[in-house]
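Chemist: got a structure for you, letters missing:
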């Protein structure tokens, strides 16, 4: 269970890679002759090369000068095109697809349209930008391309029914391509020309670093980790290219009673696998989770509802010292909204009631529920939780308005009390939310915006980060509220919420309006090779920090799921501005250093267990990976 073994980052050279005229015809016959390009690199020291060079100079040999620059052809936007073969195997290599071809950005009304348009031929909002390379590539400019830039190699890699690389002949041509690509991406996303005025309109003057990352103030990223960065005796930690810890599979457990639909990890004795027909209770250990043999069945295999909700519960929420679980089912399959939820008493194994969402006497829907704060599921007296719908953010209370617990036995469908919150008129398009340790709330939206609310006011966001064009499908926040993680289909976005107020005090964006020096976010991405291997229909979902509920402790890792991959990043490495991934990058800093856990079926969810279960010789609590038929636990070994 290791890191990404991609060969895509290898330097492209004609001496190592053959032209497709020779290779593609004999690809099947010669597949066994592919070699690991890294292993073929000569291990010659710089000192040895210097000695050879000095001896040659002493001979005073005369050679005709020959420039290795651009070939002597008159082609506008000339590039060399490579195709990646071999996936992530040791036989992976690059083949020269075309020695010299040209690229261009054109507008089209549809991807297979024969007509090309320039930027002035179509009106605003008409058509979209397409990248054409030679006769082989015609792809819409979008984040789905997983474009990766190699400034030191004058090269870009991307996905289009395969993994391709473009090699540019000069630095100026490379920089021109990157700038043009980013302008076309902006216009495809927002439907506006990439002018300074329009970028200011989209991002706002406070977030100019998001549009111009080179102007962003990154000092807050370093200042956030006081123990590492602010102590004068300590220097920033240097990290190797790959993490020194290994992932060791500890235990695999088959699901009971049908497929696993969701995972509810506990911080105490038990965790829970929610399936089609019931909830399986499993035991928490320092090496992971495995079964106790207890299984709570739903009546008629699925949760029925007098209010119309039926189907497999998609959202479990532990409450009251993890003795109760709230289960929310979609109103209709394919639509996440629900008009109520079921309360499961774990100790008795029974559904004790069905609650209704109601405001001012009218039934309303919710699309997500969350704990009041990151650790509140451990509170045995907890009676409130948060709810989110497209244009609603609120707190629900299971007690009646006089503060007494409602008499469930005398009510066929008791009503939850809306204690505080706001029903926005329109336009918010909320999708997901999460809470920090103090109850601060982060909300992700369809337009990509991420909003921060204090625990005392849900009417107006303290801070609203602009979107990058992709819907936010999941959010998480660290216990201390300093960091927010948003998940989109093609990347994760990591945001630092810290700022310095006018009095010189450091605060988070949950408690006040951030000023005009807001640091640019960082993106977590798959390499083009791994994105291609994950599959065209596979998207990132459910990005999470590792789990702590104690002040002063810092989360160590981030994990997300895409297809059959669980992808894990080192949190400190991502934050480190000196990290090698960020060198020679244009645009927002993107981190490609991660580990992959590969399963043989699509993964439902990947989560780190609570920090309580981290043992002394491990840097992290176990990772739990759930697929439809089984759940596997992995420990992070401390081997060096």
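Modeler: Okay, I see it. A quick note: this is a predicted structure, and the numbers were derived from the prediction, not measured.

Chemist: going forward, measure contacts and count neighbours with C-alpha atoms only.
Modeler: Will do.

Chemist: show me where the stretch 501-640 of the chain has strands.
Modeler: Per DSSP state E, counting those that start in this stretch, the stretch 501-640 of the chain carries strands over the ranges 506-508, 522-524, 540-545, 557-562, 565-570, 590-591, 595-598, 605-608, 623-626, 630-636.

Chemist: go through those strands and name the closest to residue 492.
Modeler: Among the strands of the stretch 501-640 of the chain, the nearest to residue 492 by C-alpha to C-alpha is strand 522-524 (5.0 Å).

Chemist: for the closest one, buried residues please.
Modeler: By neighbour count on 16 or more other C-alpha atoms under 10 Å, the buried set for strand 522-524 is 522-524.

Chemist: closest one of those residues to residue 178?
Modeler: residue 523 (17.1 Å).

Chemist: so that closest one touches residue 493, yeah?
Modeler: Yes: if you go by C-alpha atoms under 8 Å, residue 523 and residue 493 touch, sitting 4.7 Å apart.

Chemist: got a list of contacts for stretch 523-535?
Modeler: Contact with stretch 523-535 is made by 4, 6, 8, 87-88, 145-148, 157-159, 161-163, 490-494, 562-565, 588-592, as judged by C-alpha atoms under 8 Å, 6 or more residues apart in numbering.

Chemist: what of stretch 285-296?
Modeler: Counting by C-alpha under 8 Å, 6+ apart, 250-253, 256, 271, 278-284, 349-350, 609, 613-615, 621-624, 632-635 sit against stretch 285-296.

Chemist: and it, what's buried?
Modeler: 285, 287-291, 295-296.

Chemist: show the pLDDT at the closest residue to residue 94 other than its chain neighbours.
Modeler: When the adjacent residues along the chain are set aside, residue 94 lies closest to residue 84, with 4.5 Å between them (C-alpha to C-alpha, 6 or more residues apart in numbering). Per-residue confidence at residue 84 stands at 93 (pLDDT).

Chemist: walk me through which strands the helix or strand harbouring residue 84 pairs with, and which way each runs.
Modeler: Using DSSP states H and E, residue 84 falls within strand 78-85. Strand 78-85 has the following strand partners under DSSP bridges: strand 93-108 (antiparallel), strand 163-168 (antiparallel).

Chemist: most tightly surrounded among these?
Modeler: Most buried of these, by mean neighbour count (mean count of other C-alpha atoms under 10 Å): strand 163-168, with a mean of 24.

Chemist: now that one: average pLDDT?
Modeler: The average pLDDT for strand 163-168 rounds to 95.

Chemist: so is residue 197 in a helix, a strand, or just coil?
Modeler: helix (DSSP: H, G, I helix; E, B strand; the rest coil).

Chemist: tell me, how many residues neighbour it?
Modeler: When neighbours are defined as other C-alpha atoms under 10 Å, residue 197 has 10 of them.

Chemist: again with residue 542
Modeler: 21.

Chemist: where along the stretch 51-200 of the chain do the helices fall?
Modeler: Secondary structure of the stretch 51-200 of the chain by DSSP state H, counting those that start in this stretch: the helices cover 171-190, 196-203.

Chemist: now the last one: mean pLDDT?
Modeler: For helix 196-203, mean pLDDT rounds to 88.

Chemist: so which bits of the helix or strand just after that helix are buried?
Modeler: Next in sequence after helix 196-203, counting helices and strands by DSSP H and E, comes helix 208-211. By neighbour count on 16+ other C-alpha under 10 Å, the buried set for helix 208-211 is 208-211.

Chemist: name the residues that touch stretch 134-143?
Modeler: Contact with stretch 134-143 is made by 101-103, 111, 128-132, 160, 181, 184-185, 188-189, 490, as judged by C-alpha under 8 Å, 6+ apart.

Chemist: what do you get for stretch 507-514?
Modeler: Residues from elsewhere that reach stretch 507-514, judged by C-alpha under 8 Å, 6+ apart: 440-441, 452-454, 462-463, 481-482, 497-501.

Chemist: now render these as TSV, adding pLDDT and secondary structure.
Modeler: Converted to TSV, the contacts of stretch 507-514 look like this (pLDDT from 0 to 100; DSSP: H, G, I helix; E, B strand; the rest coil):
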residue	pLDDT	secondary structure
440	94	coil
441	95	strand
452	94	strand
453	93	strand
454	90	coil
462	91	coil
463	89	strand
481	93	coil
482	93	coil
497	91	coil
498	88	strand
499	84	strand
500	81	strand
501	80	coil
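
Chemist: can these go into a markdown table with extra columns for distance to residue 139?
Modeler: As requested, the contacts of stretch 507-514 are arranged in a markdown table below (distance: C-alpha to C-alpha, whole Å):
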| residue | distance to residue 139 |
| --- | --- |
| 440 | 41 |
| 441 | 38 |
| 452 | 36 |
| 453 | 39 |
| 454 | 43 |
| 462 | 39 |
| 463 | 36 |
| 481 | 39 |
| 482 | 38 |
| 497 | 36 |
| 498 | 38 |
| 499 | 40 |
| 500 | 43 |
| 501 | 45 |
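
Chemist: buried members of those into PyMOL, please.
Modeler: Selection of buried members from the contacts of stretch 507-514 for PyMOL, criterion 16+ other C-alpha under 10 Å:
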select buried, resi 440+441+452+453+454+462+463+481+482+497+498+499+500
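
Chemist: looking at the contacts of stretch 507-514, which is nearest residue 429?
Modeler: For those, the nearest to residue 429 is residue 452 (14.8 Å; C-alpha to C-alpha).

Chemist: and the closest one, how far is that from residue 493?
Modeler: Separation of residue 452 from residue 493 (C-alpha to C-alpha, to the nearest Å) stands at 15 Å.

Chemist: measure residue 294 to residue 180 for me?
Modeler: According to C-alpha to C-alpha, residue 294 stands 59 Å off from residue 180.

Chemist: kindly report the same for residue 415.
Modeler: Note on residue 415: its distance to residue 180, by C-alpha to C-alpha, is 56 Å.

Chemist: noted, bye for now.
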